[in-house]
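Asks: 3D, please:
(one chain, ligands or ions: 2)
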Amino acid sequence: MTSSISARVLDAATQLGEGAEEVDLKNFTHVELRQLLKEALDEPGFRGDQLFKWLYEKRAETFDQMTNLSKDLRAKLDGAARISPLEFEGAHESGDGTTKLTFKCDGGAVVETVYIPAGERNTLCISSQVGCALGCTFCYTAKMGLKRNLTTAEIVDQVVQARRKMTDANGRIGNIVFMGMGEPLHNVDNVIRAIDILLDGDGLNFSRRKVTVSTSGMVPAIHRLGEETNVQLAISLNATTDETRSQIMPINDRWGLDELMDALRDYPLTNRERITFEYVLIKGVNDTLDDARRIVELTEDIPSKINLIPFNPHPRTPFETPSEETMAAFQQVLVEHNVAVFRRRTRGRDEMAACGQLGKPGDKEPPHVRRKLDKFRNDSVVNA
Ligand code: SAH
Ligand code: SF4
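Replies: Ligands and ions are numbered 1, 2, ... in the order given. So this is what the prediction gives:
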């Protein structure tokens, strides 16, 4: 494991050596942690391996527990470094078992993580930002605007803490989805580092097939994700024409459907892997049979599957969920065209833990969201 040392590792090494402010150990990949201990404390590489395993495999909460590190090293780390940046705040369980975990992070911001039980294959939905800048009109998180990016440590610590809290009672967490608060590809450096730790055999040890990044379509970062990782990709499609997509997802003005689909055609997929398209069905906005037919056309040359998600309502939204008949008819068109289509069961609605319900916005949405929403509030189609 010899690679060049980045400036951020060197900075952290200086900080660790001086001990003025605590260094978050979970901000560093396995390779970086070895480098950090070597640079800061002249410890051999295997000490970095040991520390890494304590953080993730054994989920240590204190340096005292790290019994195979020397007392001297533990004393140096204690006070100069920090194991966990998140403080567990509470667990809110919905009637269906879906549990929203909340954590406090530096500066008082709250991070939300959703545990979705499903027998053997429990899923953890993690956040990548506090709030989101992208302003999709149907999304509750958008109304917060972006408060800040989460650090690598804050992203992976959601998984460590959820494993600690949920595993014993409910079985293993088998899947990780970046579908909580925030746009993961708007915080791509930290997300890529977090993925490195998630997949590391001495780290959180997830299979790359069990980790999915969901994006609203940030095209350059999609290319980067494909080059630097090999996890699964989900795209929030949500409309089939540029006109409608731009109305509900402002990012479409920057990268339209043609550009997005081109990027997906280039995305490296291994045998039998597929890109997931998420499609939030919103009454009177994107739920016609023509929309269903256009999904078939848009995706026909991309190995893919479609997840239909009934719109989850939240306070003060002008949007509504389509009727059961409308959604069934929509799905039927896709089935008839041999598209692999799944209807996402709505989970966690009663605790505001479902897709698009995370966050704690104030009463006022940011101006860029309000401008778009006002159009729908005045639009008789949606409220008809
Ligand atoms: N920012 C990323 C990931 C977080 S959003 C993205 O947009 O993909 C996760 C999923 O929730 C997205 O597919 C999004 O389209 C969906 N979503 C947002 N608001 C929703 C709502 N009110 N009801 C149902 N799904 C919603
Ligand atoms: Fe952000 Fe995703 Fe919500 Fe859009 S749907 S505002 S990208 S979190």
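Asks: Enumerate the residues of the stretch 151-300 of the chain near ligand 2.
Replies: Neighbours of ligand 2 within the stretch 151-300 of the chain, by Cβ under 6 Å from any ligand atom: Gly182, Glu183, Ser216, Ser236. C-beta here means a position set from N, CA and C on the backbone, and glycine is covered the same way.
Asks: Cross-check those against ligand 1 and keep the overlap.
Replies: Among those, ligand 1 is touched by Glu183, Ser216, Ser236 when using Cβ under 6 Å from any ligand atom.
Asks: and Arg371, what helix or strand is that in?
Replies: According to DSSP states H and E, Arg371 maps onto helix 367-377.
Asks: Show me what that helix is packed against.
Replies: For helix 367-377, the elements it packs on are helix 242-248, judged by 3 or more Cβ pairs under 8 Å, 6 or more residues apart in numbering; DSSP states H and E.
Asks: circling back: so which of the ones next to ligand 1 among the residues of the stretch 151-300 of the chain next to ligand 2 sit within strands?
Replies: Among those, the members found in strands (DSSP state E) are Ser236.
Asks: Which parts of this structure are helices?
Replies: All helices of the chain, identified by DSSP state H, fall at 7-18, 30-41, 45-56, 71-77, 152-170, 188-199, 219-228, 242-248, 251-254, 257-266, 289-299, 324-336, 367-377, 380-383.
Asks: Let's have those helices in JSON lines, adding mean pLDDT.
Replies: Output for the helices of the chain, formatted as JSON lines (pLDDT from 0 to 100):
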{"stretch": "helix 7-18", "mean pLDDT": "92"}
{"stretch": "helix 30-41", "mean pLDDT": "97"}
{"stretch": "helix 45-56", "mean pLDDT": "97"}
{"stretch": "helix 71-77", "mean pLDDT": "96"}
{"stretch": "helix 152-170", "mean pLDDT": "86"}
{"stretch": "helix 188-199", "mean pLDDT": "98"}
{"stretch": "helix 219-228", "mean pLDDT": "97"}
{"stretch": "helix 242-248", "mean pLDDT": "98"}
{"stretch": "helix 251-254", "mean pLDDT": "98"}
{"stretch": "helix 257-266", "mean pLDDT": "97"}
{"stretch": "helix 289-299", "mean pLDDT": "98"}
{"stretch": "helix 324-336", "mean pLDDT": "98"}
{"stretch": "helix 367-377", "mean pLDDT": "78"}
{"stretch": "helix 380-383", "mean pLDDT": "44"}
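Asks: Let's have these in TSV, adding mean neighbour count and distance to Ile116.
Replies: Output for the helices of the chain, formatted as TSV (neighbours: other Cβ atoms under 10 Å; distance: least, Cβ to Cβ, whole Å):
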stretch	mean neighbour count	distance to Ile116
helix 7-18	16	33
helix 30-41	22	28
helix 45-56	20	22
helix 71-77	15	35
helix 152-170	20	10
helix 188-199	23	17
helix 219-228	16	23
helix 242-248	17	25
helix 251-254	17	26
helix 257-266	15	26
helix 289-299	17	25
helix 324-336	15	21
helix 367-377	16	27
helix 380-383	12	29
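Asks: Looks like Val339 contacts Ile306 (just checking).
Replies: Yes - contact criterion Cβ atoms under 8 Å: Val339 and Ile306 qualify, at 5.9 Å.
Asks: overlap in contacts of those two?
Replies: Ile295, Thr299 (Cβ atoms under 8 Å, 6 or more residues apart in numbering).
Asks: The two: which is more packed in?
Replies: Taking neighbours as other Cβ atoms under 10 Å, Val339 and Ile306 compare with Ile306 leading, 21 against 18.
Asks: for ligand 1, what are the nearby residues on the stretch 101-250 of the chain?
Replies: Phe138, Cys139, Met179, Glu183, Ser214, Thr215, Ser216, Ser236, Asn238.
Asks: Reformat these as CSV; add neighbour count and pLDDT.
Replies: CSV is the format used below for these (neighbours: other Cβ atoms under 10 Å; pLDDT from 0 to 100):
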residue, neighbour count, pLDDT
Phe138, 22, 96
Cys139, 27, 95
Met179, 23, 96
Glu183, 28, 98
Ser214, 22, 98
Thr215, 25, 98
Ser216, 25, 98
Ser236, 26, 98
Asn238, 25, 98
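Asks: Which members of those residues are the farthest-apart pair?
Replies: By the measure Cβ to Cβ, Phe138 and Thr215 form the most distant pair in those, at 16.0 Å.
Asks: how about Asn17, what does it touch?
Replies: Careful, residue 17 is Gly; it's not Asn. Ala40, Leu41.
Asks: same check, this time on Leu101
Replies: Per Cβ under 8 Å, 6+ apart, neighbours of Leu101: Phe88, Gly90, Ala91, Glu112, Thr113, Val114, Tyr115, Gln158, Gln161, Ala162, Lys165, Met166.
Asks: what pLDDT does it get?
Replies: At Leu101, the pLDDT value in this model is 95.
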